[in-house]
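S.K.: build me a structure from this.
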Amino acid sequence: MDLTTHITNHFNASAQLKAECAFGLAPPIAAAVELLSSALLNGGKILACGNGGSAADAQHFASELINRFEIERPGLAAIALTTDSSALTSIANDYDFSVIFSKQVSALGHAGDVLLAISTSGNSRNVVEAINAAHQRDMQVVALTGNAGGLMSELLSDNDVLICVPSASTARIQEVHLLAIHCLCDGIDKIILGVE
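M.R.: Residues are numbered from 1 along each chain as shown. You can find the predicted model right below:
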């Protein structure tokens with residue numbers, strides 16, 4: 001196997017999917033920016049969750065808001081529900097792994113907050129349960145998914161936003177998710193700071 005060619009093919013496949021997604025995903029990403037910015041400007045916060053690479057994406061997003069993205073600004077209220085090992089393990093041990101995020105959403109979420117729910121398949125049970133908990137708390141949801149959106153897409157209301165990457169490859173979906181997250185962070189900064 002020619003590793004250089006193989007690696008080049010990964011770059012090309014990633015670039016091709018991103019180019020193909022640009023037109024279709026720009027409108028829901030813009031809608032998500034509006035929703036997230038409105039929540040933050042009105043004193044709300046963003047709760048983010050996902051598993052594995054999506055957990056890392058949730059943490060990445062929260063850190064960009066709490067600290068900064070590319071422009072200096074005060075910190076913005078965001079919590080990654082993937083980081084408290086004591087909460088995660090106690091909930092999973094006492095109840096079930098499927099409720100590790102939903103119990104946190106029920107405890108921390110309020111009307112006016114937004115849940116950023118990330119799952120490449122759209123079928124992660126604990127993320128699905130987090131969406132249900134968010135709706136019970138009168139929260140809106142931004143769902144980052146792939147494939148056809150899975151169970152998550154079926155749970156969303158007209159007030160929620162679905163950003164669904166049309167691919168079956170987990171790696172490619174995650175690569176587009178990261179770009180979408182950076183677009184969200186940039187858009188939020190532009191709206192919060194009034195930058196053209």
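S.K.: could you use CA atoms for every contact and neighbour count after this?
M.R.: OK.
S.K.: quick one: contacts for residue 69?
M.R.: Neighbouring residues of residue 69 by Cα atoms under 8 Å, 6 or more residues apart in numbering: 185-186, 189.
S.K.: do residue 159 as well
M.R.: Neighbours of residue 159 in contact, by Cα under 8 Å, 6+ apart: 140-141.
S.K.: and it, that one's in a helix?
M.R.: No - the assignment for residue 159, made by DSSP: H, G, I helix; E, B strand; the rest coil, is coil rather than a helix.
S.K.: distance of it from residue 26?
M.R.: 17 Å (Cα to Cα, to the nearest Å).
S.K.: same question for the lengthiest strand in the chain, mean pLDDT?
M.R.: The residue-count maximum for a strand in the chain (DSSP state E) belongs to strand 140-146. For strand 140-146, mean pLDDT is 98.
S.K.: can you name the element that comes right after it?
M.R.: helix 150-155 (DSSP states H and E).
S.K.: show me what that following helix is packed against.
M.R.: If contacts are counted by 3 or more Cα pairs under 8 Å, 6 or more residues apart in numbering; DSSP states H and E, helix 150-155 sits against helix 125-136, strand 140-146.
S.K.: kindly compare burial across these and name the winner.
M.R.: strand 140-146 (a mean of 28; mean count of other Cα atoms under 10 Å).
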